[in-house]
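Student: Need the 3D shape of this:
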Amino acid sequence: MALGVPHSRIPILRGIVDFLRQRIWLFIAFMLGSILYFLPVPEGLGREGQLILIMVIVAVILFVTEPVPLPAVALLIIVGQVILLEKQSSDVARSLMSDSVLFIMGSLMLAVGIIKQKLDKRIAYLIVRVTGTGLFQVSLGITVVCGVLSSIIGGHTVAAMMLPVALTLITLTKEHTRKVSGLAAVLLLSIAYGCAIGSIGTPSGGARNAIMIGYWREFFFEPDNPVTLKYLVSYLDWMKYAYPIFLIQLPFVTWILFAAFKPEHKTLRRAVAKLRKQIEAQGPIKGGDWAAIIIFLLTLAGWITLSDALGLGIVAILGSALFLIVGLVRWNDMNSGVNWGVVLIYAATISLGVEMKDSGAAEWLAVSFLDVLKPWNLDHGMPLWVAYTALTTLVANTMSAGAAVAVLGPVTLHTAELVGESPLKLGYITAISTSFAYFTAAAQPAFAIVYASGYLRTRDFLKVGWRMGLLSASILLLAAQFYWPLLGE
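Tutor: Below you'll find the model as predicted:
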């Protein structure tokens, strides 16, 4: 016996202690949520909005600290909407399966099909032939490719296309070492953050951009007033303001990743050598390979041309179905290769974001934020830009970027009028800041896709995210201060 405790009970007590230690943040999150639950409803918010904000706070804590598997957090979000918000379970179920969720699911299935055909190896070899075998150069090359492509066709599409490329390099390196977590983080997060920063470059890079362009036209354009023509922002106009901000960020992504992680290898020379041998063994591209290429290109073309009519998700599902119909991949391969937990996580967070918008909770946050700024004389000029950058970043990390702009956009533009700021300038700041959703695996579709690989932890995003957030915000504010005035704002 030790301290009066029978030896037979010591393992049980140790197990209980270990369980409590591992779940400490779960108890902290629930305790905080319980305290907030019994607080009075803030003025102008409503009980439903208060409950949603409590759920958001608890969910964010659990997503960041990861005391339980993340799919369990998603399940709690679903249950919370029914029990706390008293929503009908059928209504919650319908909110889970949006086009965005279908797209995530279809994209992950497409990635399995590409890996099965080993096309990812050929793409990876093409990249390293251009960049060389140094990990820094390969990481930078992946970031550039992802950034440029995502500025045109959206980060989620590019992440789905590039994930198999990174997994190929990681897998080949893993055969030479038991631990490649640092190297895997660098390669996978090169995709994630390349897609995030590239999405600001053009109106087609993200829904948030198109939403803000629509607000400018609806709120300020008058057909009979030539002065208001500047609010008809064209594709090229947007690029003039946003594309330089994206390009400046590109080299910093790789430097930040190397500062945040310590890759086990600084070169992929041996992995590339093995990759070359495997490609040589595969021989020239065969009929099945060409079929896979054609299906993927058709899917990519569908994303670009048919997404308005069919939706990104339906196009992705159709492409996945074609892989199965043609016989390029078996269902068992897709079933075992897709991380279905990630699909569940994204579905639950999208659903919660919709509730946050519909209840007015997100708008209440924005208005309350302005009320805080006014007494401190921070409601104009650079202080206001900083405040809205911070607010938009916060909201975008709890809901989708498009929803964040949809909710904050009208408040932003109204604020600009009230304080004499340029609606264009403050609108650009708000829209671009939504891309700074860097802190959790569920913050952006591209993040959810690379997280599905199984090589990353949610804290890896936070580890890089705060650095990227400070960098991106600084570049944005400097552009607003010194570059945009050259363009007339």
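
Student: Which residue ranges make up each domain of the chain?
Tutor: The chain resolves into domains spanning 15-94, 99-204+254-340 when parsed by automatic domain parsing.

Student: closest one to Thr430 among the ones you listed?
Tutor: Closest to Thr430 of the domains of the chain, according to C-beta to C-beta: domain 99-204+254-340, at 11.7 Å. Backbone N, C-alpha and C define where each C-beta goes, glycine included.

Student: what's the closest of the domains of the chain to Pro423?
Tutor: Short answer: domain 99-204+254-340, nearest of these by C-beta to C-beta, at 17.1 Å.

Student: is it possible to export the domains of the chain to TSV including distance to Ala442 and mean pLDDT?
Tutor: Output for the domains of the chain, formatted as TSV (distance: least, C-beta to C-beta, whole Å; pLDDT from 0 to 100):
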stretch	distance to Ala442	mean pLDDT
domain 15-94	6	88
domain 99-204+254-340	10	81
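
Student: all helices for the stretch 301-450 of the chain, in order.
Tutor: In the stretch 301-450 of the chain, the segments counted as helices under DSSP state H, counting those that start in this stretch are 307-310, 312-326, 331-337, 340-358, 361-373, 381-396, 401-419, 423-433, 445-451.

Student: Packing partners of the third one?
Tutor: So the one you mean is helix 331-337. Here helix 331-337 touches helix 99-116, helix 312-326, going by 3 or more C-beta pairs under 8 Å, 6 or more residues apart in numbering; DSSP states H and E.

Student: Nearest to Phe30, out of the helices of the stretch 301-450 of the chain?
Tutor: Closest to Phe30 of the helices of the stretch 301-450 of the chain is helix 340-358 (C-beta to C-beta; 16.8 Å).

Student: Nearest to Leu477, out of the helices of the stretch 301-450 of the chain?
Tutor: Leu477 sits nearest to helix 381-396 of all those, at 5.8 Å, using C-beta to C-beta.

Student: For that closest one, list every residue counted as buried.
Tutor: Of all the residues in helix 381-396, those buried under the rule 16 or more other C-beta atoms under 10 Å are Leu384, Trp385, Val386, Ala387, Tyr388, Thr389, Leu391, Thr392, Thr393, Leu394, Val395, Ala396.

Student: Gln81: which element?
Tutor: helix 70-83 (DSSP states H and E).

Student: Pull out the buried positions in stretch 239-253.
Tutor: Met239, Tyr241, Ala242, Tyr243, Ile245, Phe246, Leu247, Ile248, Gln249, Leu250, Phe252, Val253.

Student: and if you look at stretch 340-358?
Tutor: By neighbour count on 16+ other C-beta under 10 Å, the buried set for stretch 340-358 is 341-353, 355-357.

Student: Likewise for stretch 209-228?
Tutor: Per 16+ other C-beta under 10 Å, stretch 209-228 contains these buried residues: Asn209, Ala210, Ile211, Met212, Ile213, Tyr215, Trp216, Phe219, Phe220.

Student: measure that stretch end to end?
Tutor: Stretch 209-228 has an end-to-end distance of 19 Å (C-alpha to C-alpha, to the nearest Å).

Student: got the contact list for it?
Tutor: With contact meaning C-beta atoms under 8 Å, 6 or more residues apart in numbering, stretch 209-228 is reached by 200, 202-204, 229, 231-233, 238, 242, 402, 405-406, 409-410, 413, 423-424, 427-428, 430-431.

Student: Contacts for the helix or strand that Ser34 is a member of, please.
Tutor: Element membership for Ser34 (DSSP H and E) is helix 24-37. Contacts to helix 24-37, defined as C-beta under 8 Å, 6+ apart, come from residues 20, 50-51, 53-55, 57-58, 61-62, 65-68.

Student: List only buried entries from those.
Tutor: Gln50, Leu51, Leu53, Ile54, Met55, Val58, Ile61, Leu62, Thr65, Glu66, Pro67, Val68.

Student: and of these, the nearest to Val101?
Tutor: Met55 (18.6 Å).

Student: Any figure for the gap between the closest one and Pro69?
Tutor: 18 Å (C-beta to C-beta, to the nearest Å).

Student: again with Ser151
Tutor: 34 Å.

Student: same deal with Val367?
Tutor: Val367 is 36 Å from Pro69, by C-beta to C-beta.

Student: So between the two, which is more surrounded?
Tutor: Shown here are Val367 and Pro69; by other C-beta atoms under 10 Å, Val367 has more neighbours (15 against 11).

Student: what's the distance between the more buried one and Leu53?
Tutor: 14 Å.

Student: What's the mean pLDDT across stretch 236-248?
Tutor: What stretch 236-248 shows for mean pLDDT is 93.

Student: Offset the numbering so it begins at 42, please.
Tutor: From this message on, residue numbering opens at 42, which makes the last subject stretch 277-289.

Student: which residues sit against that stretch?
Tutor: 188, 192, 238-239, 241-244, 250, 254, 469, 473, 516-517, 520, 524-525, 528, 530.

Student: rerun at 6 Å
Tutor: Ile238, Gly239, Ile241, Gly242, Thr243, Pro244, Tyr469, Ile516, Ala520, Leu528 (C-beta atoms under 6 Å, 6 or more residues apart in numbering).

Student: Which of the helices or strands spans the residue nearest to Leu125 when sequence neighbours are not counted?
Tutor: In this structure, Leu125 finds its nearest non-sequential neighbour in Leu92, 5.0 Å apart by C-beta to C-beta, 6 or more residues apart in numbering. Assigning secondary structure by DSSP H and E places Leu92 in helix 88-106.

Student: Check the offset of that helix from the chain's centre.
Tutor: Here helix 88-106 shows a centroid-to-chain-centroid distance of 18 Å under the convention C-alpha atoms, centre = their mean, to the nearest Å.

Student: Likewise for stretch 385-401?
Tutor: 15 Å.

Student: Averaged pLDDT, it. What do you get?
Tutor: Mean pLDDT, computed over stretch 385-401, is 78.

Student: Can you measure across stretch 393-406, start residue to end residue?
Tutor: Per C-alpha to C-alpha, stretch 393-406 runs 16 Å from first to last residue.

Student: Check stretch 341-355 too.
Tutor: 12 Å.

Student: what does it contact?
Tutor: The contact list for stretch 341-355, computed with C-beta under 6 Å, 6+ apart, reads Asp140, Leu143, Phe144, Ile194, Thr198, Val356.

Student: Out of those residues, which is nearest to Val227?
Tutor: The closest of the contacts of stretch 341-355 to Val227 turns out to be Thr198 (C-beta to C-beta; 22.2 Å).

Student: Who are the contact partners of that closest one?
Tutor: Neighbouring residues of Thr198 by C-beta under 6 Å, 6+ apart: Trp344.

Student: Let me know the angle separating whatever helix or strand it lives in from helix 442-460.
Tutor: Following DSSP H and E, one finds Thr198 within helix 196-215. Counting by axes from the mean of the first three to the mean of the last three C-alpha atoms, to 10 degrees, helix 196-215 lies at 130 degrees to helix 442-460.
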